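> this is a predicted model, with the sequence first.
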Amino acid sequence: MYRVDITADLNDEDETGYVWTFLDEARDPAQIIPGALVVAGDPEAAAVCQVIDLAPAGDGTIVHLRLLPGLVDDYRALIERSLAS
Amino acid sequence: MAGERIEQRSRLRAEQPPATTTLVIRGGRDTPDKLRSHAERTARAWSLDGVPLLGISVFAVLDLPLDDLLRRRFATFRTIYLPTAGQLDEHGFELLPTGQEPHFTLRLHRADDRELAQLLSALGAPKPNPQYARSMIWRREED
């Protein structure tokens, strides 16, 4: 189970080719800024993503996300290696 | 910051619908509640002919072999659905060519319990993704 920064359907894409979701689906919308790395998806299917941009759509703001390679667990292992003394 | 729904009619790709034997991929394990939430998100952002567009995202296996598409786009999903376009059509679901090929929006009309149950039936049983954790994310300009 994952605790995501922003809920998204990782299947969703628009004409940009990026995953998209709404900013108000973020746990802390203030963290969702272009360039930020976030975990997106839902508790069962999540991925590390980079925030590309934000754009108005419908009654809110759409966030475009670039899916990054690998699993969330791969990034955890990377961090643990890098911080090991 | 808010705006109008993004009208999809003029953005639909001009192409023939997928053949009935074309495989269609959807990543993850869906439930009626998840599908409803995803369909409503689409309707919140997109419209078709001025009406909020209820739909969920799927990908068709067109130019890329199945395993390549799974590896490039679905490697974070443990499970996938893999119906054919014909199976979706038999259940009355239309595929709209939205976004970049091979993305499609599977159109819903009400996203109520009955239609979502039909959709889950049309998607078939979830299958293990043979390319789970196998690699990279696909972006078209990198091809």
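Great, that's in hand. Residues are numbered from 1 along each chain as shown, chains lettered A, B, ... in the order given.
> any idea how far chain B is from residue A:51?
With distances taken as CB to the nearest CB, to the nearest Å, residue A:51 is found 15 Å from chain B. Any C-beta I mention is one placed from the backbone N, CA and C, and that applies to glycine too.
> so that residue belongs to a strand, correct?
Yes: assessed by DSSP: H, G, I helix; E, B strand; the rest coil, residue A:51 belongs to a strand.
> and the helix or strand where residue A:79 lies, what does it pack against?
Element membership for residue A:79 (DSSP states H and E) is helix A:72-83. Under the contact definition 3 or more CB pairs under 8 Å, 6 or more residues apart in numbering or on different chains; DSSP states H and E, helix A:72-83 sits against strand A:46-57.
> ok, the helix or strand following the strand it packs on: who's next to it in the sheet?
Sequence order places strand A:60-67 as the next helix or strand after strand A:46-57, per DSSP H and E. Taking DSSP bridges as the criterion, strand A:60-67 forms sheet pairs with strand A:19-22 (antiparallel), strand A:46-57 (antiparallel).
> in the helix holding residue A:79, what's buried?
Using 16 or more other CB atoms under 10 Å in any protein chain shown as the test for burial, helix A:72-83 gives A:72, A:75.
> just the strands paired with strand A:60-67: most buried one?
Per-stretch averages of neighbours, counted by mean count of other CB atoms under 10 Å in any protein chain shown, single out strand A:19-22 among the strands paired with strand A:60-67, with a mean of 23.
> what's the spacing between residue B:77 and residue A:48?
Per CB to CB, to the nearest Å, residue B:77 is found 14 Å from residue A:48.
> what of residue B:41?
Per CB to CB, residue B:41 is found 21 Å from residue A:48.
> residue B:30 now?
Per CB to CB, residue B:30 is found 22 Å from residue A:48.
> and the pLDDT for the residue in chain A positioned nearest to chain B?
Closest residue of chain A to chain B, CB to the nearest CB: residue A:56 (3.4 Å). pLDDT, residue A:56: 94.
> list the contacts for residue B:90?
Contacts for residue B:90 were tallied using CB atoms under 8 Å, 6 or more residues apart in numbering or on different chains; they are residue B:122.
> quick one: low-confidence ranges for chain A?
Counting by pLDDT under 70, chain A shows low-confidence ranges at A:85.
> how many neighbouring residues does residue B:88 have?
Residue B:88 has 23 neighbours, counted by other CB atoms under 10 Å in any protein chain shown.
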